[in-house]
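J.: give me coordinates for this.
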Amino acid sequence: MASTTTTRMGTAGGTGPGGGPGGAGSGPGGALTSSLSGTGATSSLTGTLNKKKKPFLGMPAPLGYVPGLGRGATGFTTRSDIGPARDANDPVDDRHAPPGKRTVGDQMKKNQADDDDEDLNDTNYDEFNGYAGSLFSSGPYEKDDEEADAIYAALDKRMDERRKDRREQREKEEIEKYRMERPKIQQQFSDLKRKLAEVTEEEWLSIPEVGDARNKRQRNPRYEKLTPVPDSFFAKHLQSGENHTSVDPRQSQFGGLNSPFPGGLNTPYPGGMTPGLMTPGTGELDMRKIGQARNTLMDMRLSQVSDSVSGQTVVDPKGYLTDLNSMIPTHGGDINDIKKARLLLKSVRETNPHHPPAWIASARLEEVTGKLQVARNLIMKGTEMCPKSEDVWLEAARLQPGDTAKVVVAQAVRHLPQSVRIYIRAAELETDIRAKKRVLRKALENISKSVRLWKAAVELEEPEDARIMLSRAVECCPTSVELWLALARLETYENARRVLNKARENIPTDRHIWITAAKLEEANGNTQMVEKIIDRAITSLRANGVEINREQWIQDAEECDKAGSVATCQAIIRAVIGIGIEEEDCKHTWMEDAESCIAHGALECARAIYAHSLQVFPSKKSVWLRAAYFEKNHGTRESLEALLQRAVAHCPKAEVLWLMGAKSKWLAGDVPAARSILALAFQANPNSEEIWLAAVKLESENNEYERARRLLAKARSSAPTARVFMKSVKLEWVLGNIEAALDLCAEALKHYEDFPKLWMMRGQIEEQTENADRAREAYNQGLKKCPQSIPLWLLLSQLEEKAGQLTRARAILEKSRLKNQEAPELWLESVRLEYRAGLKNISNTLMARALQKCPNSGILWSEAIFLEARPQRKTKSVDALKKCEHDPHVLLAVAKLFWSERKITKAREWFLRTVKIDPDLGDAWAFFYKFELQHGTEEQQEEVKKRCENAEPRHGELWCAESKHVLNWQKKIGELLIIVASKLKNTF
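T.: Numbering: from 1, shown residues only. Reported below is the predicted structural model:
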């Protein structure tokens, strides 16, 4: 009793549930409960509960408060509280504990090691840092200690955050460098993994296994050879009269006289044992009849599997014995699913035998499982149960072989004499044209209103007979537009007009009849009637309540354009182009319609839309420009010049129209006409820079250098601009007048010192004269005035590199990147500088930084692809395409990658894609031409050259290096293409 009472005390005030502030015997509440239980008086309990609640109830206990300590209730712990004692070798509860912590003894050792006193030996003391460990780790850990630790932790965290970005960046660069030097095996084989998507199922299955664990006898089994017994063997032994009292067990097992295999003399198949094989009473065997029986059996076997839906054999009778696949079912489903489906369909048929889809589904199920005869039997039973179902009869005709199908269709016609589909099926089953005609004519006798039957019958007739039949057809089916139009096409001009008039009377709401009438008049030369017919069509259709759908009429116009009816298509466009469009949307909508027609190949429709737009908006420069570009790309030179003459008359201030007209005359070789056009342009635009420069170019291209100089001098005095001065310097430079060019450049820089091209030209002229110091000075002065000019930075860097000052060139590029942080050209030049210096690791690191700064730069990604080793290039190209899917530089790099792998077809496709996306990129045309020179035909080479001349590229690193060279200033596009392609090297 004493121990029990003490244990209850311990539980109330010690480590039990009352140990906390809110337990049964804890805090002030616990003391109140204990005093109440000590008195035992009911009246006292009631009085206490009715008193006002104390203010300290519900508040947290003060620090250091131990429940029951004041009255000596300290409590104790028994074995039942902590569980049984455990041996040192017992495993701990955590099954996944690391080594050294898996037993109770290991855990105790660790706890003892943790509880050891601090090592205060002199060897553990440092003059600067003090003791290595904590001197007071074993002391009590109080609230102020916790606050101090929190403050230090916050300080440490703050200090750590100050260096966090720099540390993380350094760690990231180290990891990238490490991964670049030592790539994972997974990265090395990533391109091979991608190729697994191209492996076919046959190639995968043909991969040999790693090994075979079977023994030699299992790997190379000896199959017993079975040789059929010849007929002479039986004849010989029958004649000798030998008797055997036993049978060889192997003979009974492998094809004896009574065997389960087909081909034995006594087989389960019918017809195997025919009468007459053994002549009674003589004991002689008739070999001829044995051969006949064998042939009969084989013919029957072949006939069982040779029937198909189309009536043709599905197996080769000669190769039957070797073609075992002919007996394999064609369905791929589970046999249990087929049984369930069969059971469900049987239930449907029995529940509702007059439901046609049940019979059709049942027959198709059996057909899929290879039971063709069962399917035929089911569908024929379906025709008995559903004789009025068209679908059941058609399915029965499909499943039956040729002649039987005709019988089935004949029965179907008797039950359904008004079914068009059954007659069409009957005509399809006939192989002779006359029989087809006979079937269709019989069908038309019963169903004279069927347009489908009339069309099928007319298609089989000759033109004259077809015309007679169509005359009857339109009488029976007066609402069929197709029949009326077909008859009109077969009639003469006059009769066709009458036919179309009748068609309009019978079908006043169809637009195709009116359009056909317009095409008919155009085909017979009455083009003045075309416009009237289309206008009357719009009026008549509206009167009959037909809504004029603009898109449908434009599609009809495109079809007329493709059919060669130009006047009709133009009349339709003029009639419907403005229907249903608000006035403010007209220009935008019409331009979109013209682009759509061009995309669909309807050029006359587009020309008509532009002509109508110019009538409505004669003073809109943008419309004239679109029309001019359309004529330039799809029209003739005469049509372009005629359009431009009208354009400059309406828009005399549009310089580009004057220039296009002058250029067209110049390209045609008519230089005086081009001069006269520019003279008129000067009158309309007195001080236009573009017209001045065009006149200068015209004279310089025709070797009239003095006239060009005079024009430029006049332009500098009347309309001085930076470009005019630049062209003046360029003319003197290319003509070899270096001093005059430098003087003009110095004069120009006095007025236009913020024009970077003048500084570039000055530096390049000094470089040409081998005066590197003055060139460097020019570039530096230019950069002070134009620090955002990327080409100036590149020219200065390249000048220092040529002089052997690699460090200075590197410093210039770093300075340029600080002022132009997101300029990919500067990053690219930095990478190439390190690569040319032989520092490939540094160039790779720079490329990684460049791609971080400019992640969508195509020129950087294209360079990064070829910085990689060959196995990693394809992976890099995939990453590049994800970032820059439509960048021409990336597409060009991919094309070069395929070229390097000798994948000619793919490389050509990617070259075509590149020049289509950006035809202004000269580098792409040069690589494409070089590619065709190596792998293409002469026609393909000429095609690339012609397309390049039409595109007139102006940009590209390699292209500009040659096109802007002073020695190539008069070269045409085709000549430049050959020069650039000849200087390309397959370094990739």
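J.: which stretches in this structure count as strands?
T.: 125-126, 130-131 (DSSP state E).
J.: ranking those strands by mean pLDDT, which is last?
T.: Mean pLDDT values for those show the minimum at strand 130-131, a mean of 60.
J.: now the closest residue to Gln798 other than its chain neighbours: how far from Leu833?
T.: Nearest non-adjacent residue to Gln798, counting by CB to CB, 6 or more residues apart in numbering: Ala809, 7.6 Å away. C-betas here are computed from N, CA, C, even on glycine. For Ala809, the distance to Leu833 (CB to CB, to the nearest Å) stands at 6 Å.
J.: what does Trp969 give?
T.: Look at Trp969 and Leu833: by CB to CB, they are 29 Å apart.
J.: check Gly922 too.
T.: Taking CB to CB, one finds Gly922 at 24 Å from Leu833.
J.: these two: which is more packed in?
T.: A side-by-side neighbour count of Gly922 and Leu833, using other CB atoms under 10 Å, places Gly922 first with 26 against 22.
J.: still on that earlier bit, which residues touch the residue nearest to Gln798?
T.: Ala809 sits next to 797-798, 800-801, 833 when contact means CB atoms under 8 Å, 6 or more residues apart in numbering.
J.: same question for Asn844.
T.: 180, 867.
J.: can you pull the buried residues of stretch 409-416?
T.: Buried residues in stretch 409-416, counting neighbours by 16 or more other CB atoms under 10 Å, are found at 409, 411-413, 416.
J.: to what extent is Ile433 buried, counted in neighbours?
T.: By the measure other CB under 10 Å, the count of residues near Ile433 is 10.
J.: who's in contact with the closest residue to it other than its chain neighbours?
T.: Take Ile433 and drop its neighbours on the chain: the residue closest to it by CB to CB, 6+ apart is Leu460, 6.2 Å away. Leu460 sits next to 433, 436-437, 440 when contact means CB under 8 Å, 6+ apart.
J.: top of those by number of neighbours, please.
T.: Ranked by the number of neighbours (other CB under 10 Å), those place Leu440 first, at 24 neighbours.
J.: check contacts around that one.
T.: Per CB under 8 Å, 6+ apart, neighbours of Leu440: 423, 427, 453, 456-457, 460.
J.: quick one, what contacts the closest residue to it other than its chain neighbours?
T.: In this structure, Leu440 finds its nearest non-sequential neighbour in Ala457, 4.2 Å apart by CB to CB, 6+ apart. Applying CB under 8 Å, 6+ apart to Ala457 gives the contacts 437, 440-441, 444, 469.
J.: 7 Å - rerun?
T.: 440-441, 444, 469 (CB atoms under 7 Å, 6 or more residues apart in numbering).
J.: what residues are up against the closest residue to Glu558 other than its chain neighbours?
T.: Leaving out its chain neighbours, the residue that sits closest to Glu558 by CB to CB, 6+ apart is Ala602, at 4.0 Å. By CB under 7 Å, 6+ apart, the contact list for Ala602 reads 558, 561-562.
J.: before we move on, what about Phe617?
T.: The neighbours of Phe617, taking CB under 7 Å, 6+ apart as the test, are 587, 623.
J.: returning to that earlier point: ok, the contacts of Leu460 vs Ala926, which is closest?
T.: Nearest to Ala926 among these: Ile433, at 61.0 Å, using CB to CB.
J.: got a winner among the contacts of Ala602 for most neighbours?
T.: Asp561 (25 neighbours).
J.: next, count neighbours for Pro183.
T.: Close neighbours of Pro183, defined as other CB under 10 Å, add up to 15.
J.: what about it, distance to Lys177?
T.: 12 Å.
J.: swap in Leu440?
T.: Distance, Leu440 to Lys177, using CB to CB: 82 Å.
J.: repeat for Leu344
T.: Using CB to CB, Leu344 is found at 67 Å from Lys177.
J.: tally of neighbours for the residue lying closest to Trp484 once chain neighbours are set aside?
T.: In space, and not counting its chain neighbours, Trp484 is closest to Ala503: 3.8 Å by CB to CB, 6+ apart. Residues near Ala503, counting by other CB under 10 Å, number 26.
J.: now do the phi/psi pair for the residue nearest to Ile433.
T.: With angles defined as degrees, to the nearest 10, Leu460 sits at phi -90, psi -10.
J.: helices along the stretch 101-250 of the chain, start to end?
T.: In the stretch 101-250 of the chain, the helices defined using DSSP state H, counting those that start in this stretch lie at 104-115, 143-162, 164-181, 185-188, 190-195, 201-205, 216-219, 231-240, 249-253.
J.: likewise for the stretch 301-450 of the chain?
T.: Using DSSP H, counting those that start in this stretch, helices in the stretch 301-450 of the chain cover 335-351, 356-368, 372-385, 390-399, 402-415, 420-429, 433-446.
J.: buried set for the longest one?
T.: Spelled out, that is helix 335-351. In helix 335-351, counting by 16+ other CB under 10 Å, buried: 338, 341, 345, 348-349.
J.: and those as a markdown table, adding distance to Gly525?
T.: Putting these into a markdown table (distance: CB to CB, whole Å) gives the following:
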| residue | distance to Gly525 |
| --- | --- |
| Ile338 | 69 |
| Ala341 | 67 |
| Leu345 | 67 |
| Val348 | 67 |
| Arg349 | 68 |
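J.: which residue in these has the weakest pLDDT?
T.: By pLDDT, Ile338 ranks lowest within these, coming in at 81.
J.: any idea how far the residue nearest to it when sequence neighbours are not counted lies from Arg342?
T.: Closest residue to Ile338 in three dimensions, ignoring its sequence neighbours and counting by CB to CB, 6+ apart: Thr369, at 5.8 Å. Separation of Thr369 from Arg342 (CB to CB): 9 Å.
J.: cool, and Ala850?
T.: 69 Å.
J.: low-confidence ranges in the stretch 101-250 of the chain?
T.: Scanning the stretch 101-250 of the chain for pLDDT under 70 picks out 101-138, 209-217, 219, 222-226, 231, 234-250.
J.: ugh, typo on my part, it should be the chain
T.: Residue ranges of the chain with pLDDT under 70: 1-56, 72-138, 209-217, 219, 222-226, 231, 234-288, 301-335, 987-988.
J.: what's the local residue count around Met761?
T.: Using other CB under 10 Å, the number of residues around Met761 comes to 22.
J.: who touches it in this structure?
T.: 726, 729, 745.
J.: center of this structure - which residue?
T.: Glu885 (10.7 Å; CA atoms, centre = their mean).
J.: separation between it and Gly956?
T.: Plainly put, Glu885 is 20 Å away from Gly956 if you go by CB to CB.
J.: wait, Met591 touches Arg626, no?
T.: Yes: shown here, Met591 and Arg626 form a contact pair, counting by CB atoms under 7 Å, at 6.3 Å.
J.: neighbour count winner among the two?
T.: Arg626 (19 against 16).
J.: against Ala694, how distant is the more buried one?
T.: Arg626 is 21 Å from Ala694, by CB to CB.
J.: one more: Ala426?
T.: Noted for Ala426: a distance of 76 Å to Ala694, by CB to CB.
J.: higher neighbour count, these two?
T.: The neighbour count for Ala426 versus Ala694, taken as other CB under 10 Å, is higher for Ala426 (24 against 21).
J.: need the contact list for that one.
T.: By CB under 7 Å, 6+ apart, the residues touching Ala426 are 409, 413, 439.
J.: closest one of the residues you listed to Leu485?
T.: Checking these against Leu485 with CB to CB, the nearest one is Val439 at 25.8 Å.
J.: re the thing from before, so can I have CSV of the helices of the stretch 301-450 of the chain showing distance to Ile598?
T.: Listed next are the helices of the stretch 301-450 of the chain as CSV, based on distance: least, CB to CB, whole Å:
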stretch, distance to Ile598
helix 335-351, 55
helix 356-368, 49
helix 372-385, 55
helix 390-399, 47
helix 402-415, 51
helix 420-429, 42
helix 433-446, 45
